[in-house]
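*Asks:* Curious how this folds, go ahead:
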Amino acid sequence: MFKVKPNHTFQNPMRQQIDRTTQGKTSDYAHAVGGVNQILDRGNIGISARSQASVMDNVKKVETGERSEVNAHQREALNFGRDAFQSARQGNYKQASVEAFGSTVNGLASMFKSTFTETPSEKQGITPH
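*Replies:* Presented below is the predicted three-dimensional model:
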């Protein structure tokens, strides 16, 4: 798993819960979440309860194959975008800028993943005509 610091002690309980959700997971998505989550905790960057729940749900569903990594990134782009607007409305511009950046990164990750991730049909050997 991608970790910035292997023995990091989480300061934010919500980020610690996300970290626990990523433990033992093998998907690229879970690995990315684990590393970014740690970086954000080290920077004392919070997360909304809605986004925390969404991230943990995505990690679990991507791992079981119930949700694609592309769709997980799309969902996070939307959630972090909503959070950015809410934070900006409340005057918390540092938090809003981090959330807007997260929204952008997840949007780009979704597009990147969609260019090389096989569809369910392609995984079965059925190629597009």
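
*Asks:* show me what contacts residue 78?
*Replies:* residue 103 (CB atoms under 8 Å, 6 or more residues apart in numbering). For every residue, glycine as well, the C-beta is placed using N, CA and C.

*Asks:* Check the one 10 residues further on too.
*Replies:* For residue 88, the residues meeting the contact criterion (CB under 8 Å, 6+ apart) are residue 96.

*Asks:* What pLDDT is listed against it?
*Replies:* Residue 88 is assigned 98 on the pLDDT scale.

*Asks:* likewise residue 112?
*Replies:* 89.

*Asks:* And the helix or strand that contains it, what's buried?
*Replies:* Assigned by DSSP states H and E, residue 112 belongs to helix 93-116. Buried residues in helix 93-116, counting neighbours by 16 or more other CB atoms under 10 Å, are found at 95-96, 98-100, 102-103, 105-107, 109-110, 113.

*Asks:* May I have the phi/psi pair for residue 43?
*Replies:* phi -90, psi 10 (degrees, to the nearest 10).

*Asks:* one step back: quick one: which of the buried residues of helix 93-116 is nearest residue 64?
*Replies:* Among the buried residues of helix 93-116, residue 113 lies closest to residue 64 (CB to CB), at 17.5 Å.
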